[in-house]
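In: Give the three-dimensional model of this entry:
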Amino acid sequence: MIPFVKYAFISLVAACSILGEPSYETLPDTSLQNSTFINDIHLCITNTAAIVTEPLHFSWQQWLIASGVIGGTMLSFLADNHVKNYAKSHRLSKEKYLLDAWQIYGSPYMLAVGAGLYIAGIGFSKPLLQETGREALFAMVTAEAITLTLKIIFGRLPPSGNNSPKDFNFFEFHRSAWAFPSWHTTIAFAISTVLSERISNPYITIVLYTTAFMVGLERVYNRKHWFSDAIMGAAVGTAIGKIVVKSSVKSGSPDKQWEFLPRISSNTLGLKITYNPKFRSR
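Out: This is a model prediction of the structure:
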C-alpha cells in the first residue's frame, strides 16, 4: 500500500504545480489570502455545527430527499439475501482480483490524499487546494466517526457463513459485528463528494462517483457487507461531504473555481486547467 500513497502524493504535487497563480487584487476578504491553522480550526468547528444543525434548516424539498434516501435504504434490506446469493454464485477469481483494487479508494490511506492536498496547498500557496484538502480530511474523519457510531449501535453481522441480514446485536463493541454501514463506502463517497463539489465539472463528477460506486460493489461482491450496508454508507458519505463544502463556502472559504476545458484544434489536443479562487465574505 505504501507505493500507492507515495505515487498519489507525487501526482497531487504535480497537479497543483501546473495551476496558475491567483490574482489577489479583487479578493474582498484579505484575511483569507494566507489561510492559517486558526482559520482551519474555525472552519472545522463551523463544519461540525453545520452537520449537527443541518436538519433543523431543511426545506420541504430536502426533507423529501432525506425521506427518499431513508426509504431507499430500508427497501434495500429486502434485496440483501438475493444480492448475497447472486454474488456468491457468480464469484470468479479474475473478477475478484479486478475488484479488490478498488477498496484502496475507500481505505484509511485516502486520508493521506487529503493530507497531501492540504500540505501541497500550504507549500504552493494555493488556498483553494489547501481548503479542498482540509474539507476532504474533515469529511472523511467525520463520516468515519458517524459510521463507527452506527456500527456499534446496530451491531449487524456481515454476510459471511450462514449469517442472516436480520442478525443484529445492538450496541456491539466487537468489530466482527460492525457490518452496517460500510466503512469503505462511506469514505469513498465522502471524498468523492468533496472533490466533486470543489472541482465542479460534470465529467470529473462522473469519474469520482463511479470510483466510489466501485468501492461499494467490491465490498458487496466480496461479501464483506450486505447490499444495504453499502447503500447506507454511500448516503452518509455523500451527505457529510455536501454539508462540509456548503458550510465552508458560507463561512468564507475559497469558492469552487477550478475549470477544466478541453482544447481541440487541427494541431492541438489537450486540457486547459484554470485556477482562479474567489472568496466569500464571512
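
In: Which parts of the stretch 51-200 of the chain are strands?
Out: For the stretch 51-200 of the chain, applying DSSP state E, counting those that start in this stretch gives no strands.

In: Show me where it dips below the pLDDT cut-off.
Out: 91-98 (pLDDT under 70).

In: what about the helices in it?
Out: Along the stretch 51-200 of the chain, the segments classed as helices by DSSP state H, counting those that start in this stretch run 60-76, 80-89, 93-100, 110-123, 127-154, 183-199.

In: between the last one and helix 110-123, how many degrees?
Out: By that I understand helix 183-199. 30 degrees (axes from the mean of the first three to the mean of the last three Cα atoms, to 10 degrees).

In: Buried deepest among the helices of the stretch 51-200 of the chain, which one?
Out: Most buried of the helices of the stretch 51-200 of the chain by mean neighbour count (mean count of other Cβ atoms under 10 Å) is helix 183-199; its value is a mean of 28. To be clear about C-beta, it is placed using only N, CA and C from the backbone, and glycine gets the same treatment.

In: So which elements touch the next helix-or-strand element following it?
Out: Going down the chain from helix 183-199, the next helix or strand is helix 202-221, by DSSP states H and E. Under the contact criterion of 3 or more Cβ pairs under 8 Å, 6 or more residues apart in numbering; DSSP states H and E, helix 202-221 touches helix 80-89, helix 93-100, helix 183-199, helix 227-250.

In: okay, the helices of the stretch 51-200 of the chain in a markdown table with distance to Phe227 next?
Out: As requested, those are exported to a markdown table (distance: least, Cβ to Cβ, whole Å):
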| stretch | distance to Phe227 |
| --- | --- |
| helix 60-76 | 6 |
| helix 80-89 | 4 |
| helix 93-100 | 15 |
| helix 110-123 | 23 |
| helix 127-154 | 15 |
| helix 183-199 | 11 |
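
In: Mind checking those for the one nearest to Ala49?
Out: With Cβ to Cβ, the closest approach to Ala49 among these belongs to helix 127-154: 11.9 Å.

In: Buried residues of stretch 207-217, list them for me.
Out: Leu208, Tyr209, Thr211, Ala212, Phe213, Met214, Val215, Gly216 (16 or more other Cβ atoms under 10 Å).

In: To clarify, my last question referred to stretch 233-247.
Out: 233-245, 247.

In: Quickly check these for the two that are furthest apart.
Out: Gly233 and Ser247 (21.6 Å).

In: of all the buried residues of stretch 233-247, which comes closest to Val194?
Out: Distances from Val194 to these, taken by Cβ to Cβ, are shortest for Gly241, at 4.7 Å.

In: before we move on, back to that, turn the buried residues of stretch 233-247 into a markdown table, including distance to Leu195.
Out: Putting the buried residues of stretch 233-247 into a markdown table (distance: Cβ to Cβ, whole Å) gives the following:
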| residue | distance to Leu195 |
| --- | --- |
| Gly233 | 17 |
| Ala234 | 15 |
| Ala235 | 18 |
| Val236 | 17 |
| Gly237 | 12 |
| Thr238 | 12 |
| Ala239 | 16 |
| Ile240 | 13 |
| Gly241 | 9 |
| Lys242 | 12 |
| Ile243 | 15 |
| Val244 | 12 |
| Val245 | 10 |
| Ser247 | 17 |
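
In: how about CSV for these, with distance to Leu148 and pLDDT added?
Out: Conversion of those to CSV gives the following (distance: Cβ to Cβ, whole Å; pLDDT from 0 to 100):
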residue, distance to Leu148, pLDDT
Gly233, 12, 94
Ala234, 17, 95
Ala235, 16, 94
Val236, 11, 94
Gly237, 13, 95
Thr238, 18, 95
Ala239, 16, 94
Ile240, 13, 95
Gly241, 17, 95
Lys242, 20, 94
Ile243, 18, 93
Val244, 18, 93
Val245, 22, 92
Ser247, 22, 88
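
In: What is the nearest of those residues to Tyr109?
Out: Looking across the buried residues of stretch 233-247 and measuring by Cβ to Cβ, the closest to Tyr109 is Gly237, at 16.0 Å.

In: quick one: contacts for the residue lying closest to the closest one once chain neighbours are set aside?
Out: Nearest residue to Gly237, sequence neighbours excluded (Cβ to Cβ, 6 or more residues apart in numbering): Phe189, at 3.0 Å. Residues near Phe189 by Cβ atoms under 8 Å, 6 or more residues apart in numbering: Ala143, Tyr209, Ala212, Gly233, Ala234, Val236, Gly237, Thr238, Gly241.
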